[in-house]
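Asker: Would you be able to build a 3D model of this:
(chains A and B)
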Amino acid sequence: MYGWNGKILRVNLSTDKVSVQEYNAEFAKKFVGGRGFAIKILWDELKPGIDPLSPENKLIVSVGPLTGLPGPSLGKIVIAAKSPLTGGYGDGNLGSMAAVYLRKAGYDAVVVEGKAKKPSYLYVEDDKTYILSAEGIWGLTTFEAEEKLKEIHGRNTGVLVIGPAGENLVRYATVISQEGRAGGRPGMGAVMGSKNLKAFVFKGTKDIPLADPQEYRKLVDQCYEEIKSSANYEFWIRQGTMATIEWCQENAVLPTYNFKEGVFEYARLIDGYSMEAMKIKRRGCPFCNMACGNVVVDAEKKEAELDYENVAMLGSNIGIGHLGKVSVLNRMADEYGIDTISLGSCIGFIMEATEKKLTKEGVEWGDYKKVKELIEDIAYRRELGNFLAEGTMRMAEKIGGESKKWAMQVKGLEISAYNCYSVPGMALAFGTSSIGAHHKEAWVIAWEIKTDRTGYTKAKVDKVLEFQRIRGGMFECLVSCRLPWIELGFNLEWYPKLLKAASGVTISLDEMYYGVADRVYALIRAFWVREFGGKWDRNMDYPPARWFEEAPTKGPYKGTTLSRDGYNQLLSQYYAERGWDERGIPRRSTLEKLGLSDVVVELEKYTSLTQ
Amino acid sequence: MVKLKLLGFISELIGIREKEIKLNSPIKLKNIIKLPKNIDLNRLIILVNGKAASPDTLVYDEDEVLLMPIVGGG
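Answerer: Reported below is the predicted structural model:
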């Protein structure tokens, strides 16, 4: 089988048992890879209701049929499990040589279950797999641990590693690679920590066979050339996603003071131009010719890698208007293995609680020194940090009162850096994102501002669906970066061509969207519904009350909020288009149409299905 | 005076971040600014006085025009 290795590595850390599972071409075509493989395995194998931090949870890393091959930003890997932050399906992807070497070792995925008796790490070298002691590595930061592992196993390895936050089960601990590539926002690092698993180290030396090597090489050359010829290329190389600070400020959607405002008085001091003055080099994912990692020297004279989301959430959202200091906070988060988005949201939340005098111990807006201490305390779950390590949903439950209105999360996952009080389509994208509020699946805000910013139209629903099919579906299953397309206008038609040349298999864009992507979305939704059972309802797809009730006081859209009726209408239209019922649960006919008849039988044990 | 503001790579390509232009009579937006051939005005976000506009929108003296790329955020 070209395109896929056809093998999944299975590791049980409780029993030290390692095995290899083979799968067939039908499975490959139906779920493609990455997120598709992950949700299929979790749906089939995970016992509903388990504690995500128990040995019963399964952690999956998976790649796609183009992974490990030269090509536009194809060096990424998915990490997935039941999330300790949301209780539902969780995943994330990151660019890493781990993706390349896993594929070259001969596997498309690794499934880890159980819990090691002592801190351990997994070392895979081609056909050999070892569960090794992490003595001397456990407790190190992600940067230190990766360096140590490379000293042991050589530079030609790919490493996925957790820091102290993952070890201490911070609910939004991430997985880090190559000092700044981060993935797995909904606590995938904590799941690793709960299994006493410090790292994956992959070393692969096998060739990846291609169905049509000549054609593939020709296509790849053309792809790279198309990316480089984009009018935006040079500016992108300079600023990457950091140009978005200015863009969001101008459009009054920059999260500021825990999303109370959409403009920040010191935005200019943390924007892409300020970053350029501090920049010393770029970093990127394997095989990328538009690397977006901006490496700067931070206020402590150390290197830090910046992009838009972490600067907005650890800058404007917590009132810090000094990019050197924001860079320090961001580096600390990467070293400890903490998601910068949730971190910035949790800190913003406690700052607002302090302002409202709802906590005994607090932090003032912009208090850089205290924030630094707090980040360390979160990673080690000390004092106030232990409270913040739980995420905003649980923090609000504890503080009570009206605080849940300004806990800026959906389904437990903190909203990434776009303040949507006046952009309902983007609010819908956050509401219906399959892991909780994340921007990676449907970033419709630019299109929305270009066309009809405040309207509640069916066109917005269609755009969210279109983007979810492309971004959350095709890209997450191919495990390919969306940025060449969305930032530089790279043509989507290249992907079926690359797939055909690599694998010999034809999957059209339509099949990718209405077959694979819709199937994966329905299965992820089924997973959520099975986990929440009778507690599931459409309110799970609602953004926080702040966006409906509290208008910003500054900027061109001050005084504006979302309409509940309008949002409700968009949500109903979204469900109808997906073939889901008014509760947001896939209809029986939808599941059957998508080839998920087996899901019907299982899901009916937990809820009634609408025809 | 029309206040023209450009963001991101558009600003870099044209070499202008902000500019004021005197208009004696209203003209279509596409006639106010000359873009390089590889930039399609239809693919940019155009706001006139904060509202979505098109290349054919008439611009009046005292209007504020903002041109920016569609960015992806991350």
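
Asker: Leaving out sequence neighbours, find the closest residue to the residue nearest the centre of chain B.
Answerer: Per C-alpha atoms, centre = their mean, the C-alpha nearest to the average position across chain B is that of B:L67, at 3.9 Å. Distances taken as C-beta to C-beta, 6 or more residues apart in numbering or on different chains place B:L6 nearest to B:L67, at 4.9 Å, with adjacent residues excluded. Where C-beta positions appear, they are placed from N, C-alpha and C, glycine not excepted.

Asker: And that neighbour, how close does it get to chain A?
Answerer: Distance, B:L6 to chain A, by C-beta to the nearest C-beta, to the nearest Å: 11 Å.

Asker: can you list the residues of chain A near chain B?
Answerer: Neighbours of chain B within chain A, by C-beta under 8 Å from any C-beta of the partner chain: A:231-232, A:234-236, A:239, A:241, A:243-244, A:246-247, A:250, A:292, A:307-309, A:416-418, A:439, A:443, A:445-447, A:449-453, A:482-483, A:486-487, A:489, A:556.

Asker: Not including adjacent chain positions, what is the nearest residue to A:S194?
Answerer: Closest to A:S194 by C-beta to C-beta, 6+ apart is A:L53, at 4.0 Å.

Asker: ok, that neighbour - contacts?
Answerer: Contacts of A:L53 were listed using C-beta atoms under 8 Å, 6 or more residues apart in numbering or on different chains, and they are A:P84, A:L169, A:A190, A:V191, A:S194.

Asker: swap in A:L384?
Answerer: Applying C-beta under 8 Å, 6+ apart, the residues near A:L384 are A:I350, A:E361, A:V363, A:L374, A:D377.

Asker: picking that back up, does the residue nearest to A:S194 sit in a helix, a strand or a coil?
Answerer: Recorded secondary structure, A:L53: coil (DSSP: H, G, I helix; E, B strand; the rest coil).

Asker: And it, how close does it get to A:P286?
Answerer: According to C-beta to C-beta, to the nearest Å, A:L53 stands 31 Å off from A:P286.

Asker: Return the set of residues that bridge with the spatially most central residue of chain A.
Answerer: Most central in chain A under C-alpha atoms, centre = their mean is A:G92, positioned 3.6 Å from the mean C-alpha point. Beta bridges link A:G92 to A:I79, judged by DSSP bridges.

Asker: coming back round to it: the residue nearest to B:L67 contacts B:P69, correct?
Answerer: No: the pair B:L6 / B:P69 is not scored as a contact, 9.5 Å apart, by C-beta atoms under 8 Å.

Asker: Let me know the secondary structure of whichever residue of the stretch 151-300 of chain A sits closest to chain B.
Answerer: Taking C-beta to the nearest C-beta as the measure, the stretch 151-300 of chain A has A:F235 as its residue closest to chain B, at 3.5 Å. What three-state DSSP gives for A:F235 is helix.

Asker: Would you agree it is in contact with B:L7?
Answerer: No: A:F235 sits out of contact with B:L7 when judged by C-beta under 8 Å, with a separation of 10.4 Å.

Asker: Spell out which residues are contacts of both of these two.
Answerer: By C-beta under 8 Å, 6+ apart, the residues touching both A:F235 and B:L7 are A:A243.

Asker: And the pLDDT at A:I152?
Answerer: At A:I152 the predicted local confidence, pLDDT, stands at 98.

Asker: repeat for A:A459
Answerer: Value for A:A459, per-residue pLDDT: 98.

Asker: Count the residues that sit near it.
Answerer: Neighbour count for A:A459, taken as other C-beta atoms under 10 Å in any protein chain shown: 13.

Asker: how about the helices in chain B?
Answerer: B:8-14 (DSSP state H).

Asker: just the residues of it that are near chain A, which are they?
Answerer: By the rule C-beta under 8 Å from any C-beta, the part of chain B lying against chain A is B:5, B:7-9, B:12-13, B:36, B:38-39, B:43-47, B:50, B:52, B:66, B:68-74.

Asker: Can you tell me which of these end up in strands?
Answerer: Among those, the residues falling in strands (DSSP state E) are B:K5, B:I45, B:I46, B:L47, B:A52, B:L66, B:M68.

Asker: out of everything not next to it in sequence, what's closest to the residue in the stretch 351-500 of chain A that chain B sits nearest to?
Answerer: Chain B sits closest to A:I486 of the stretch 351-500 of chain A, with a gap of 3.6 Å, by C-beta to the nearest C-beta. Leaving aside its chain neighbours, A:I486 sits nearest to B:G72 (3.6 Å; criterion: C-beta to C-beta, 6+ apart).

Asker: any idea how far A:S327 is from that neighbour?
Answerer: In terms of C-beta to C-beta, B:G72 sits 22 Å off from A:S327.

Asker: so who does A:L570 touch?
Answerer: Applying C-beta under 8 Å, 6+ apart to A:L570 gives the contacts A:P424, A:G425, A:L428, A:Y456, A:K460, A:V461.

Asker: switch the cut-off to 6 Å
Answerer: For A:L570, the contact set (C-beta atoms under 6 Å, 6 or more residues apart in numbering or on different chains) comprises A:L428, A:Y456, A:V461.

Asker: Let me know the helix or strand that it is in.
Answerer: Element membership for A:L570, per DSSP states H and E: helix A:564-578.

Asker: List the buried residues for that helix?
Answerer: In terms of neighbour count (16 or more other C-beta atoms under 10 Å in any protein chain shown), helix A:564-578 has its buried residues at A:G566, A:Y567, A:Q569, A:L570, A:L571, A:Q573, A:Y574, A:Y575, A:R578.

Asker: Helix or strand next in line after the worst-scoring helix or strand of chain A on mean pLDDT, which one?
Answerer: Least confident helix or strand, chain A: helix A:483-488 with a mean of 92, by mean pLDDT, DSSP states H and E. Note on helix A:483-488: by DSSP H and E, the next helix or strand toward the C-terminus is helix A:494-503.

Asker: For that next one, output the C-alpha coordinates as CSV.
Answerer: Presented in CSV, the C-alpha positions along helix A:494-503 are these (Å, rounded to 0.1, in the frame of the first residue of the first chain):
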residue,chain,number,x,y,z
TRP,A,494,-2.6,20.6,-5.2
TYR,A,495,-3.6,18.3,-2.3
PRO,A,496,-5.5,15.6,-4.2
LYS,A,497,-2.7,15.7,-6.8
LEU,A,498,0.0,15.2,-4.2
LEU,A,499,-2.0,12.4,-2.6
LYS,A,500,-2.5,10.6,-5.9
ALA,A,501,1.2,10.8,-6.8
ALA,A,502,2.3,9.7,-3.3
SER,A,503,-0.3,6.9,-2.8
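
Asker: Check the offset of the next helix or strand after it from the chain's centre.
Answerer: Next helix or strand after helix A:494-503 toward the C-terminus (DSSP H and E): helix A:509-510. Centroid separation for helix A:509-510 versus its chain: 24 Å, with C-alpha atoms, centre = their mean, to the nearest Å.

Asker: other SSEs contacting helix A:509-510?
Answerer: If you count contacts as 3 or more C-beta pairs under 6 Å, 6 or more residues apart in numbering or on different chains; DSSP states H and E, helix A:509-510 packs onto no helix or strand.

Asker: about what we covered before: which ones among the contacts of A:L570 map onto helices?
Answerer: A:L428, A:V461.

Asker: ok, and the most crowded of the contacts of A:L570?
Answerer: Scoring these on neighbours with other C-beta under 10 Å, the highest-scoring entry is A:L428 at 29 neighbours.

Asker: does that one really touch A:V464, like I thought?
Answerer: Yes: here A:L428 reaches A:V464: they are 5.3 Å apart, a contact under C-beta atoms under 6 Å.

Asker: rewinding a little: drop anything exposed from the ones in strands among the residues of chain B next to chain A.
Answerer: Buried among those (16+ other C-beta under 10 Å): B:K5, B:I45, B:I46, B:L47, B:A52, B:L66, B:M68.

Asker: from these, which is closest to chain A?
Answerer: Chain A lies nearest to B:I45 out of these, by C-beta to the nearest C-beta, at 4.3 Å.

Asker: Looking at the closest one now. What's its pLDDT?
Answerer: Reported pLDDT at B:I45 in the predicted model: 95.
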